[in-house]
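Chemist: next input, structure requested:
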Amino acid sequence: MEKKNPSHGNKLSWSFLVVVLSLLFIMGLESQSVYSAQFLPFDRAGNDKTFLRFRESLLDAVKARDIDKVVSFAAQDISTSFGGEGGRKEFRDLLRQGAKQGGTPNIWIELELVLTMGGDFSEDATEFIAPYTWLYEADEDKAFETWFVVKKDVPMYDTPNTTGVVVENLDYEVVEQEGDWDPELKFVNVKLDDGRSGFISTDHLRHLLDYRAGFLKTRRGWRLKYFVAGD
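Modeler: Now for the predicted structure:
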């Protein structure tokens, strides 16, 4: 009589169990990420100590609202818009306008935000791009609808005010704008990947096309090459 291998059945059982557990694990991951895609903050400025010192000095000048000092950090041909001539004079005028009017948006606050929201170097390490949100690879046709939750445990309400019901608490998610945005509301109507929608305060959001900056490494050190917003 042929002897049966007692371990053969066990091997099949274990193989089946591994497959089932793997499928359950994958399904669990999908269920956790079905409504959101996180884009966590990162800052690799420390990879180049010369740039890190440059950014810290520029940030100090921005906080002091020292126009002359800030302009001295800029490249001679700095770009501040997509239609202007550029240059330090245009950059100086932009800073002066922000100082006089408080800016809409306040250019000083925007510059300070960009300098404190991380970023990364180019492959050849001769350029640094900030903030980290600008490095997100968004679909071109959805650039105007792409927003980032830039804090942890941010409530999304069912109405455009903090008295509404909290639909979900979000951590650094990428969300899609629904309809038109009314800046007067201070809330943005957004949609999650699972179809749910709600309102998030602009205090906790940043738009993909908000201000961003590019810094270039030159023979004379680092320079602010561009500071622009929009598309």
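Chemist: please, where are all the helices along the protein?
Modeler: For the chain, the helices defined by DSSP state H cover 6-33, 49-63, 67-72, 88-101, 107-115.
Chemist: so where is this structure shaky, pLDDT-wise?
Modeler: Low-confidence segments of the chain, defined by pLDDT under 70: 1-36, 99-105.
Chemist: centroid-nearest residue for it?
Modeler: Taking CA atoms, centre = their mean, the centroid of the chain lies closest to T133, which sits 2.1 Å from it.
Chemist: you'd agree that residue is up against G119?
Modeler: No. In this structure, T133 is not within contact of G119 by CB atoms under 8 Å, at 9.3 Å. The way it works is simple: take the backbone N, C-alpha and C, and place the C-beta from them, glycine included.
Chemist: residues in contact with stretch 213-220: which ones?
Modeler: Stretch 213-220 has contacts (CB atoms under 8 Å, 6 or more residues apart in numbering) with 50-51, 54-55, 75, 111, 114-115, 125-130, 222-227.
Chemist: in that stretch, which residues are buried?
Modeler: A213, G214, F215, L216, K217 (16 or more other CB atoms under 10 Å).
Chemist: so how far is N169 from the third one?
Modeler: Computed as CB to CB, to the nearest Å, the F215 to N169 distance reads 35 Å.
Chemist: and the residue nearest to the centre of the chain, what is it in contact with?
Modeler: T133 makes contact with F39, M117, F148, V150, R206, L208, D210, R212, according to CB under 8 Å, 6+ apart.
Chemist: who wins for most neighbours among those?
Modeler: For the contacts of T133, the largest number of neighbours (other CB atoms under 10 Å) sits with F148, at 25 neighbours.
Chemist: mind listing the residues bridging to it?
Modeler: Using DSSP bridges, the beta-bridge partners of F148 come out as V174, R206.
Chemist: check contacts around it.
Modeler: Applying CB under 8 Å, 6+ apart to F148 gives the contacts F39, T133, Y136, Y172, E173, V174, V175, L205, R206, H207, L208.
Chemist: how about 6 Å then?
Modeler: Neighbouring residues of F148 by CB atoms under 6 Å, 6 or more residues apart in numbering: T133, V174, R206.
Chemist: any idea how far the closest residue to F215 other than its chain neighbours is from G46?
Modeler: Ranked by CB to CB, 6 or more residues apart in numbering and with sequence neighbours excluded, the top spatial neighbour of F215 is F128, at 4.4 Å. Plainly put, F128 is 11 Å away from G46 if you go by CB to CB.
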